[in-house]
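Trainee: Here you go, sequence then predicted model.
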Amino acid sequence: MRRMLSPAASPITRRTFLTASTAGIAGMTFGRPSAATGSEGRGPATARSTILFFLCGGASHLDTWDMKPEAPAEYRGPFQPIETSAPGVRLCEHLPMLARQAHHLAVINSVGGTVNTNDHHAGYYYNLTGHEPDGTFRTLGNNRTPFPDDWPFMGSVVASRTPKHPDLPGAITLPHQPSRKPYTRPGQFSARLGVEHDPLYVMGDVEEPLAFHAPALVLEGDVTAARLAERRELLGAIDVARRDFEQYGAVHRWGRQQERAYSLLVSSKTTEAFDVSREPPVLRERYGETVNGMSLLLARRLVEAGVPFVTVFWKENEKLKNQCKSAGGWDTHGNNFDCLKEHLLPEFDRGFSALIEDLTDRGLLDQTLLLVTSEMGRKPKIGDPRSGGVSGAGRDHWTHCLTDLLVGGGVRGGQTYGASDRFGEYPDDRPVTPADVTKTVYHAMGVHDLEARDREGRPYNLLAEGKPILELF
């Protein structure tokens with residue numbers, strides 16, 4: 001079995017320090033948190049950590065947790081709802097393990113995430129930041145990659161407002177960075193908030209699901225922790241001299257990057273936290289030994305270690321891309337029902353139900369908020385022209401309505417909040433937006449100070465829109 005964070009073969013470089021917090025993508029502007037301003041629903045934190053499970057591609061709400069068995073056949077599809085451990089909460093028949101955990105679920109069936117492009121980039125941005133995408137998403141399309149002045153990822157906001165962990169970053173993302181370059185999805189970085197709050201990316205592999213690694217956290221060649229300390233002293237002397245000549249924000253950002261990278265590189269606890277092979281085989285089997293199942297197990301290890309925000313982006317399996325007319329994930333343009341039944345739903349069902357069960361058994365569920373979301377739902381009327389229409393049995397993009405799941409962290413389980421219309425096309429009862437959901441995460445984490453300052457020192461609110469959904473708690 002390959003051990004993660006194993007030594008490589010070349011000396012440590014400035015690039016290693018930079019990539020330790022993905023500075024190459026998001027570290028170009030420099031918001032600084034400041035004291036107090038408020039948000040609605042001020043109160044003590046009910047959660048110490050959040051795990052965001054993002055179903056990349058756009059999960060079909062109609063075939064999972066917002067089923068419409070009374071709708072016409074061209075909308076409802078072949079799946080049937082089943083009873084669960086919570087009266088009134090119904091789930092798809094292909095989620096039997098999650099059905100037994102439904103007394104922990106809050107199912108929000110009225111999320112209106114409409115974006116003017118109805119596409120992935122804008123959907124990611126809206127659901128990860130709480131901010132509606134601006135006009136550049138329409139004009140640039142798939143070329144609308146992350147901008148340095150974007151609104152920050154909710155995980156970066158939480159990380160910036162919670163006490164610093166002694167060994168690990170405040171936000172960690174795994175097992176990949178969506179999507180393949182150059183089409184990196186916007187919304188997953190700290191952007192204007194400041195590069196020091198970027199998530200650390202820990203990479204996983206579909207073929208080797210136990211092998212997680214953070215490439216930027218490898219001590220390379222003959223560099224030991226002691227030698228790194230010596231080099232750090234030299235770098236410090238050089239930087240002191242350089243600061244006499246360069247009084248710019250970039251120098252200070254580089255200093256923060258050095259501190260973060262150094263603490264991560266020399267900490268044995270970093271390596272231990274990422275090592276899922278330490279978990280009992282029976283528990284790994286319960287989660288399912290896939291890259292997504294093991295990512296959820298790793299997320300549990302990280303919140304157990306005290307990391308405030310962990311994101312698991314569902315990693316696509318390229319072997320499915322032709323079958324599902326997608327990248328191998330939840331973007332089921334074709335063969336929607338077989339792809340869900342045979343692949344996506346069983347893997348999700350096993351992994352996510354195991355996470356709830358595991359956190360409950362360890363007494364961690366009340367202090368850990370779980371959020372399941374996606375960049376969009378799927379079009380209620382079956383048939384995508386790109387996959388043969390009705391005969392292709394696919395569902396196209398649909399940002400106008402999706403379902404989010406919340407578990408733990410003070411949220412009352414066994415409830416359904418809101419409803420979509422009879423076809424599942426639009427929110428109908430108690431509509432909410434991604435801004436409301438994001439504010440709900442902040443409320444659970446006790447994040448009420450949302451004031452930051454731009455590079456000129458002017459204050460601004462990190463998310464003025466939305467209100468926490470207090471009825472869930």
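Mentor: Cool, the structure landed.
Trainee: just for the chain, where's the confidence low?
Mentor: Residue ranges of the chain with pLDDT under 70: 1-41, 215-270.
Trainee: So which residue is dead centre in it?
Mentor: Nearest residue to the geometric centre of the chain (CA atoms, centre = their mean): residue 311, 3.5 Å.
Trainee: what does the helix or strand hosting that residue rub up against?
Mentor: Assigned by DSSP states H and E, residue 311 falls within strand 309-313. Contact with strand 309-313 is made by 49-54, 56, 154-155, 158-159, 170-178, 188, 199, 292, 295-296, 299, 302-303, as judged by CB atoms under 8 Å, 6 or more residues apart in numbering. In short, each C-beta sits where N, CA and C put it, glycine included.
Trainee: Out of these, which sit inside strands?
Mentor: Among the contacts of strand 309-313, the residues falling in strands (DSSP state E) are 49, 50, 51, 52, 53, 54, 171, 172, 173, 174.
Trainee: Which of the residues you listed ranks first by neighbour count?
Mentor: With neighbours taken as other CB atoms under 10 Å, the top of those is residue 171, carrying 29 neighbours.
Trainee: What residues are bridge-paired with that one?
Mentor: Note on residue 171: beta-bridge partners by DSSP bridges are residue 309.
Trainee: Now do the same contact list for it.
Mentor: Residues counted as contacts of residue 171 (CB under 8 Å, 6+ apart) are 153, 155-156, 158-159, 197-200, 307-311.
Trainee: Quick one: these as JSON lines, columns for distance to residue 405 too.
Mentor: Shown next, in JSON lines, are the contacts of residue 171 (distance: CB to CB, whole Å):
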{"residue": "153", "distance to residue 405": "19"}
{"residue": "155", "distance to residue 405": "17"}
{"residue": "156", "distance to residue 405": "22"}
{"residue": "158", "distance to residue 405": "19"}
{"residue": "159", "distance to residue 405": "22"}
{"residue": "197", "distance to residue 405": "26"}
{"residue": "198", "distance to residue 405": "26"}
{"residue": "199", "distance to residue 405": "21"}
{"residue": "200", "distance to residue 405": "25"}
{"residue": "307", "distance to residue 405": "21"}
{"residue": "308", "distance to residue 405": "20"}
{"residue": "309", "distance to residue 405": "17"}
{"residue": "310", "distance to residue 405": "16"}
{"residue": "311", "distance to residue 405": "15"}
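Trainee: Of these, which is the most crowded?
Mentor: Most surrounded of the contacts of residue 171: other CB under 10 Å gives residue 153, at 32 neighbours.
Trainee: My guess is it contacts residue 190. True?
Mentor: Yes: in this structure, residue 153 is within contact of residue 190 by CB atoms under 8 Å, at 6.4 Å.
Trainee: Ignoring the adjacent residues along the chain, who's closest to residue 344?
Mentor: residue 330 (6.2 Å; CB to CB, 6 or more residues apart in numbering).
Trainee: What spatial separation is found between that neighbour and residue 396?
Mentor: 13 Å (CB to CB, to the nearest Å).
Trainee: For those two, indicate the residue with more neighbours.
Mentor: residue 330 (26 against 21).
Trainee: quick one, what contacts that one?
Mentor: Contact partners of residue 330, counting by CB under 8 Å, 6+ apart, are 55, 56, 57, 58, 59, 60, 314, 344, 374.
Trainee: Who wins on neighbours among these?
Mentor: The most crowded member of the contacts of residue 330, judged by other CB under 10 Å, is residue 60 (33 neighbours).
Trainee: Now the phi/psi pair for it, please.
Mentor: Backbone torsions of residue 60, given as degrees, to the nearest 10, read phi -70, psi 110.
Trainee: where's it relative to residue 93, distance?
Mentor: According to CB to CB, residue 60 and residue 93 sit 14 Å apart.
Trainee: that older thread, dump the ones in strands among the contacts of strand 309-313 to CSV, plus distance to residue 141.
Mentor: Below are the ones in strands among the contacts of strand 309-313 laid out as CSV (distance: CB to CB, whole Å):
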residue, distance to residue 141
49, 35
50, 31
51, 31
52, 26
53, 27
54, 21
171, 28
172, 30
173, 24
174, 28
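Trainee: Looking at those, which is nearest residue 283?
Mentor: Nearest to residue 283 among the ones in strands among the contacts of strand 309-313 is residue 51, at 16.6 Å by CB to CB.
Trainee: ok, now which ones touch that closest one?
Mentor: Applying CB under 8 Å, 6+ apart to residue 51 gives the contacts 296, 299, 300, 303, 310, 311, 312, 355, 368, 369, 370, 371.
Trainee: quick one: which of the residues you listed sit in helices?
Mentor: Taking DSSP state H as the definition of helices, the contacts of residue 51 contribute 296, 299, 300, 303, 355.
Trainee: Residue 462 and residue 150 touch, don't they?
Mentor: No: look at residue 462 against residue 150 with CB under 8 Å: they stay out of range, at 11.7 Å.
Trainee: shared neighbours of those two, anything?
Mentor: Counting by CB under 8 Å, 6+ apart, nothing touches both residue 462 and residue 150.
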